[in-house]
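Colleague: Sequence and predicted structure below; questions after.
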Protein chains: 2
Amino acid sequence: MLNFTVGPVMSSKAVRVVGAEQVPYFRTSEFSELMFENERLMLKFTKAPRGSKAVFLTNSSTGAMEAVIMNCFTEKDNVLVVNGGSFGARFAQMCEIHNIPYTEIKLNHGQKLTKEMLYRYDGQPFTGLLVNVDETSTGVLYDTQMIGEFCKKNHLFYVCDCVSSFLADPFNMAECGADVMLTGSQKVLACPPGISIVVLAPIAVERVKKAHVNSMYFDLADALKNMERGQTPFTPAVGILIQINTRLKEIEAAGGEDVEVARVAAQAADFREKIKDLPFEIVSESPANGVTPLHPLHANAYDIFLKLKDEYGIWICPNGGDMKDAIFRVGHIGYLNHDDNTTLVNAFKDLMSKGLL
Amino acid sequence: MLNFTVGPVMSSKAVRVVGAEQVPYFRTSEFSELMFENERLMLKFTKAPRGSKAVFLTNSSTGAMEAVIMNCFTEKDNVLVVNGGSFGARFAQMCEIHNIPYTEIKLNHGQKLTKEMLYRYDGQPFTGLLVNVDETSTGVLYDTQMIGEFCKKNHLFYVCDCVSSFLADPFNMAECGADVMLTGSQKVLACPPGISIVVLAPIAVERVKKAHVNSMYFDLADALKNMERGQTPFTPAVGILIQINTRLKEIEAAGGEDVEVARVAAQAADFREKIKDLPFEIVSESPANGVTPLHPLHANAYDIFLKLKDEYGIWICPNGGDMKDAIFRVGHIGYLNHDDNTTLVNAFKDLMSKGLL
């Protein structure tokens, strides 16, 4: 199967070779060294400010989102949530669950956040801001620099969920002033799902250390403390952490984070060029590099997903909820190349010739 | 490296082959079918009562322990915690964190729980009981049947943490009356770590559905609801779930859960026979099949761990905390055979010949 979803995505040969190896015992100095290398490369690739720390959590990225909310905010906060789709809504729901006062900046599906819209909240008594940098459900990329300036001006604790934008879109944690960024193993890192990663700027490290969290598993101070010796509080997904190590070094050897971002951008541009004459509408006003959300003009989006899966051996990414019939997504992350785009576009053309698109 | 730890353990060839494959997209009927098969085999192998359900969580087993506490108990409960080591202490700490009143049945390291000790708590106003069936830190196996009778008599909600005892020691969920059992992917299931599994008897299913949990990630009602269609609320560790499927079918093909338990028991018996004349004391009064905890009479336990790792290519399992220098453990789970025991015993004899044991 050819996989154009936004996760799990296809992995490189080197990552898959690691997947076939026996998983080693991990309470060893050897594994600690590997974890320190993972941290070093994560801080480098996020361009994190000096003194930042990374922790590796064994869970879906949703777990990391929730851990960040639980460890960085309390009932005394008042946060802004950029909500332009399923993942923005998820942040809002988490604030609700954890009794953190919040206000949603509600956007239509595909709508970008303009400076004007954001500055309606200027000078108001907010303490934090949560944004999914690539709102993956609609492929909308938000401007981390513009939001960062707003946060700086308003002294907001700034959380960037970069789950599907890390290494796909330019991101400079130090420059945009993000206090926290988080991502997952199964997006551009192109490893199996199971690990999420949280990078904390120095201010966030201090905040987390002082937090009182009603959770053992999501206690980030405990994760930070264990990471001082390259370890985790509980048995992590050791195999995936080794695959992440392989992949991070692969990216470094190929030229680093900017080269990888350029590669994903080129993969997206190639696809968007090739579908220009097909009956699709790109629904994002500000397309992220990692994924293209498409509204088929004459066909049902979910039917196309099923047809491609069952008859062409291709996975595209269906949407859920009220977007299910109207939108599907094509990912540009993972071990894909321009020829793969051609294969997918030819399948679309074949569907057209059959009157199914 | 030859791996005698208690997790991650060595995997079969078939499981490792799956580890090398591309991880598929999972919001499909194909993946749902696989998840239903995983559930069916988990219910079969735990001998769960009719109407039980299984959910698969992406996290360390500690996450499953905490999820069960959060979803099955409240501040109005009053639970007994069997605390004979690190994992019993962990349950107690979780009750503390979540404000669940609890009383610890404190046991010394290696001590078994007798009927007499347990019945000191008979007829008192408790509502639940938590036990690590194999207290993995000291290799003590508790009697699930005896505890189950006590729970039945006292109407206690009965939680069995079977992390390292599932498929290693006999367990009959229906017969012992456990309401919940939980385990992890990296013990006798011999897959990479990253997935934990919770089996809920019908009463537990009802309890979980009515629970009000201040967590999105650990909301077991949501997990149950998604599992009705063979899915999970968030992207799970898809690769490991497929490996678990391979492994469960491997166990079924080899004769099922009782055959696997007998295999692990024989592996343990063979090892214990082979070390009879070596200067070790088995510190468990009631040895579980999965692991043998050893106190070396004339040497430092942690030094032996390091020596075997660095000079013999063998991992045994060090203990932590105040047991670090006195106790190490030898696991009998995962892809090990009797010849591997001989290799380890020969290494011990070699250390003896050098005056290091």
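Modeller: Received, thanks. The structure presented is a predicted model; accordingly, all values stated were derived computationally and were not measured. Residues are numbered from 1 along each chain as shown, chains lettered A, B, ... in the order given.
Colleague: How about the backbone phi and psi for the residue of the stretch 201-350 of chain A found nearest chain B?
Modeller: Closest residue of the stretch 201-350 of chain A to chain B, CB to the nearest CB: A:A237 (3.4 Å). No exception for glycine: its C-beta is placed from N, CA and C like everyone else's. Backbone geometry at A:A237, expressed as degrees, to the nearest 10, gives phi -80, psi 80.
Colleague: Which residues of the stretch 101-250 of chain A lie near chain B?
Modeller: Contacts of the stretch 101-250 of chain A with chain B, taken as CB under 8 Å from any CB of the partner chain, map to A:184, A:186, A:192-195, A:214-218, A:233-240.
Colleague: Please pick the buried ones from those residues.
Modeller: Neighbour-count burial (16 or more other CB atoms under 10 Å in any protein chain shown) applied to those gives A:184, A:186, A:192-195, A:215-218, A:233-240.
Colleague: Which of the residues you listed fall in helices?
Modeller: Secondary structure from DSSP state H places A:238-240 of these in helices.
Colleague: Need those in CSV (columns: distance to B:L278 and pLDDT).
Modeller: Output for those, formatted as CSV (distance: CB to CB, whole Å; pLDDT from 0 to 100):
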residue, distance to B:L278, pLDDT
A:V238, 30, 98
A:G239, 33, 98
A:I240, 37, 98
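Colleague: Return the closest of those residues with respect to B:D161.
Modeller: Among those, A:V238 lies closest to B:D161 (CB to CB), at 20.7 Å.
Colleague: hmm, back to that, mind checking which of the buried ones among the residues of the stretch 101-250 of chain A next to chain B are in strands?
Modeller: Judged by DSSP state E, the subset of those located in strands is A:184, A:195.
Colleague: who's in contact with the residue nearest to A:A92 when sequence neighbours are not counted?
Modeller: Leaving out its chain neighbours, the residue that sits closest to A:A92 by CB to CB, 6 or more residues apart in numbering or on different chains is A:V81, at 4.8 Å. Counting by CB atoms under 8 Å, 6 or more residues apart in numbering or on different chains, A:V81 makes contact with A:88, A:91-92, A:95, A:102-105, A:129-131.
Colleague: how close does A:V81 get to A:M117?
Modeller: 14 Å (CB to CB, to the nearest Å).
Colleague: any idea how far the closest residue in space to A:A211 that isn't next to it in sequence is from A:G63?
Modeller: Using CB to CB, 6+ apart and skipping residues adjacent in sequence, the residue nearest A:A211 is A:N71, 4.8 Å away. To A:G63, A:N71 is 12 Å away according to CB to CB.
Colleague: Give the residues shared as contacts by those two.
Modeller: Shared contacts of A:N71 and A:G63, counting by CB under 8 Å, 6+ apart, come down to A:F218.
Colleague: circling back: beta partners for the residue nearest to A:A92?
Modeller: Beta-bridge partners for A:V81, by DSSP bridges, are A:E104, A:L130.
Colleague: quick one: pLDDT of it?
Modeller: Listed pLDDT for A:V81 reads 98.
Colleague: do A:H298 as well
Modeller: In this model, A:H298 is scored at 96, pLDDT.
Colleague: what's near enough to touch the spatially closest residue to A:F166 that is not a sequence neighbour?
Modeller: In space, not counting the residues next to it along the chain, A:F166 is nearest to A:T183; the distance is 4.0 Å by CB to CB, 6+ apart. Counting by CB under 8 Å, 6+ apart, A:T183 touches A:61, A:162-163, A:166, A:189, A:196-197.
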